[in-house]
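Asker: Sequence first, then the predicted structure:
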Amino acid sequence: MFWLLMLVIIYPLFWMVMNSLKTSTELFVNSFALPETPLFSNYVDAWNMGFANFFFNSALVTVVSVFAIVMLSAFCSYALARLEIRFKKIFLYLIIGGLLLSPQSALIALYRLFDMLNIYNTYFAMIIPYIAFGIPFAVFLMYGYFKEFPEDLEDAARIDGCSTFKIFMKIVLPISKPIVAATAIVSSISTWNEFIFALVFIEDENLITIPVGLSRFKDALTTNWTGMMAGIVIASLPMIIAFLFMSKSFIRGLTAGSVKG
């Protein structure tokens, strides 16, 4: 059963890579055959057709959004887990309650808001919603971890004269790398692949991200399918590489964040 599930997951990726190395004729004649002569030029063509700009925009938006999500959620989760704040349970439920809100339901309101603030058709029109809709799940993951963080370490640092902020930055956050890595990966994947906000809030061709940019490979008359597949492969690599390097921390972080608390 396990191998069957692995085949279902891996084969589509293999099929996509295999067809990204074919000519258009080979693709339509037999999409399941191996390429006669691998055409790595398809990747060069996809990159030169504007994919380089799409990649840069996605990278910029993802890095800024994920950094903000992780830091804001870490501060918020630690404060709710450790500090004596009135009605902090209510604040926690309100934040996590954001998971119940569908991002698509806020499109019209956000469009009018961004237009009024003159940030429509800018990077901020994507970054702000990504941060806002990414924080609830990030807080959900981090809160349980910080709730069970050993208090002895904090007490010892407090005796030595450390402030709460210094304790968090110098002790808690460095030790909490697994949950930070898990939060960063989950946030990165959702931000990197997000389509609706990038489509609705961006009109400038120079600001388009990868999900929207890939749709530009298709028009009313012709579609560069091999170029599109090469672009999809390139778009998938950053998240695959990030997960491979951070998989252990990711699993440890998810386990800690879901079991504790």
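Answerer: Perfect, I can see it now.
Asker: and Ala182, what element?
Answerer: helix 177-192 (DSSP states H and E).
Asker: List the buried residues in that helix.
Answerer: 178-192 (16 or more other Cβ atoms under 10 Å). From N, CA and C alone the C-beta is placed, and that goes for glycine too.
Asker: what do you get for stretch 207-217?
Answerer: Going by 16+ other Cβ under 10 Å, stretch 207-217 has these buried residues: Leu207, Ile208, Thr209, Ile210, Pro211, Val212, Gly213, Leu214, Arg216, Phe217.
Asker: Residues contacting it, please?
Answerer: 46, 49-51, 53-55, 57-58, 61, 121-123, 126, 192-195, 198-199, 202, 223-224, 227-228, 231-232, 235 (Cβ atoms under 8 Å, 6 or more residues apart in numbering).
Asker: And the buried ones among those, selectable in ChimeraX?
Answerer: Buried residues among the contacts of stretch 207-217 (16+ other Cβ under 10 Å), as a ChimeraX selection:
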select :46,49,50,51,53,54,55,57,58,61,122,123,126,192,193,194,198,202,224,227,228,231,232,235
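Asker: on that earlier part again, quick one: average pLDDT of the helix holding Ala182?
Answerer: The average pLDDT for helix 177-192 rounds to 90.
Asker: Can you give the distance from that helix to the centre of its chain?
Answerer: 7 Å (Cα atoms, centre = their mean, to the nearest Å).
Asker: CA atoms of that helix as CSV?
Answerer: Extracted in CSV, the C-alpha atoms of helix 177-192 (Å, rounded to 0.1, in the frame of the first residue of the first chain):
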residue,chain,number,x,y,z
LYS,A,177,14.2,26.1,15.5
PRO,A,178,12.0,23.0,14.8
ILE,A,179,8.7,24.8,15.2
VAL,A,180,10.2,27.9,13.4
ALA,A,181,11.3,25.7,10.5
ALA,A,182,7.9,23.9,10.3
THR,A,183,6.1,27.2,10.3
ALA,A,184,8.4,28.7,7.7
ILE,A,185,8.0,25.7,5.3
VAL,A,186,4.2,25.6,5.6
SER,A,187,4.0,29.4,5.1
SER,A,188,6.4,29.3,2.2
ILE,A,189,4.5,26.6,0.3
SER,A,190,1.1,28.4,0.6
THR,A,191,2.7,31.8,-0.3
TRP,A,192,4.8,30.5,-3.2
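Asker: So which elements touch it?
Answerer: Counting contacts by 3 or more Cβ pairs under 8 Å, 6 or more residues apart in numbering; DSSP states H and E, helix 177-192 packs against helix 52-82, helix 124-147, helix 225-259.
Asker: what do you get if the cut-off is 10 Å, keeping everything else the same?
Answerer: helix 52-82, helix 124-147, helix 173-175, helix 225-259 (3 or more Cβ pairs under 10 Å, 6 or more residues apart in numbering; DSSP states H and E).
Asker: Closest one to Arg86 out of the buried residues of stretch 207-217, please.
Answerer: Nearest to Arg86, judged by Cβ to Cβ, of the buried residues of stretch 207-217 is Thr209 at 40.9 Å.
Asker: okay but Ala59 is in contact with Ile234, surely?
Answerer: No. Using Cβ atoms under 10 Å, Ala59 is not in contact with Ile234; the gap is 11.7 Å.
Asker: just checking, next helix/strand downstream of the helix holding Ala182?
Answerer: In N-to-C order, the element after helix 177-192 by DSSP H and E is helix 196-201.
Asker: Residues contacting that next one, please?
Answerer: 57-58, 61, 103-104, 106-108, 110-111, 114-115, 119-130, 133, 191, 207-213, 215 (Cβ atoms under 10 Å, 6 or more residues apart in numbering).
Asker: If anything else comes up later, I'll come back, but that's it for now.
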